[in-house]
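[1] for reference, the sequence and a predicted model appear below.
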Amino acid sequence: MNPSATSARRSLDDDLNRAGFYPLLVADVVHDALDERAPLSHLVHLETHFDRTEVHRHITVLVLTEDMLVVTHVDDQQLDEAGQQVMAQTSTESVPVSQIRSVVLSYVYAQPQNYQPSDPARELTLSIAWSGGQRLDMGPAGCGDPQCDADHGYTGTIVQDDIVIRVSAEADGSQAVQNAKAFARALRKVNTASPNPVRNPELPGS
């Protein structure tokens, strides 16, 4: 492994250790999914959810290589009230870069009337779509008349995304937002440079 790849792997492992969520387990799962590919860029995102008296954690690790986006999810769950028995569930998905259909970045800035070019984003949402799957978000439709009580049916939006990661400076730190932005830039660069996949005319839908 060349020095650049070694440095990138060390940086990935350092971020997994910093996240502190079963770092040895997560690192083994991620590197196994990489199949000895050298990482170009990565993003580690840890979430914590509270469900009554239980705490559930979830980590998402995105690793970009020259030809692949490797997506790893790890969850943990307590099997008893005392938290002595814990189970971790892992899943990985390897997506060819050429199959990625879109990379969407959404930013939130505070006090836009006072914006300066050096002002960092307060929040970033990264959406990546590759499968062509769509999500339909629907809700009751309305009109501009506050006195109107007629039934206007439903309205909705169709969203294409396979993974959505939201990073907040308040919750995750300003550096985490910058890291997510840097990963998205690296992904866009590799994705736009990748040729379209060759389609077999003999297959249905090609």
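    Perfect, thanks for sending it.

[2] report the central residue of this structure.
    The centroid of the chain falls nearest to I165 when counting by CA atoms, centre = their mean (3.9 Å).

[3] quick check: closest non-adjacent residue to that residue.
    Excluding the flanking residues, the one nearest I165 by CB to CB, 6 or more residues apart in numbering is L126, at 4.8 Å. Backbone N, C-alpha and C define where each C-beta goes, glycine included.

[4] which residues sit against the top helix by length along the chain?
    In terms of residue count, the longest helix belonging to the chain (DSSP state H) is helix 174-193. For helix 174-193, contacts defined as CB atoms under 8 Å, 6 or more residues apart in numbering pick out 40-43, 45, 62, 64, 66, 69, 97, 100, 103, 105, 120-124, 126, 128, 165, 167-169.

[5] pull out the buried residues from these.
    Buried by 16 or more other CB atoms under 10 Å: 40-43, 45, 62, 64, 69, 97, 100, 103, 121, 123-124, 126, 128, 165, 167-169, out of the contacts of helix 174-193.

[6] and the residue of the chain most remote from its centre, what element?
    Using CA atoms, centre = their mean, the residue of the chain lying farthest from its centre is Q147. It sits 42.5 Å away. In this structure, Q147 is located outside every helix and strand according to DSSP states H and E.

[7] ok now do it, which residues does it touch?
    Taking CB under 8 Å, 6+ apart, we find Q147 in contact with no residue.

[8] pLDDT score assigned to it?
    Note for Q147: predicted pLDDT of 75.

[9] phi, psi for it please.
    Main-chain dihedrals, Q147, degrees, to the nearest 10: phi -90, psi -10.

[10] any idea how far L43 is from it?
    Distance, Q147 to L43, using CB to CB, to the nearest Å: 49 Å.

[11] could you do T65 as well?
    Computed as CB to CB, the T65 to L43 distance reads 13 Å.

[12] then A141?
    Separation of A141 from L43 (CB to CB): 37 Å.

[13] looks to me like the residue nearest to the centre of the chain is in a strand.
    Yes - assigned with DSSP: H, G, I helix; E, B strand; the rest coil, I165 falls within a strand.

[14] how many residues are close by N17?
    14 (other CB atoms under 10 Å).

[15] kindly apply the preceding question to T92 instead.
    16.

[16] what about it, helix or strand, and which?
    Per DSSP H and E: strand 86-96 holds T92.

[17] by contact count, what packs against that strand?
    The contact analysis (3 or more CB pairs under 8 Å, 6 or more residues apart in numbering; DSSP states H and E) places strand 86-96 against helix 23-34, strand 68-78.

[18] 6 Å instead?
    Counting contacts by 3 or more CB pairs under 6 Å, 6 or more residues apart in numbering; DSSP states H and E, strand 86-96 packs against strand 68-78.
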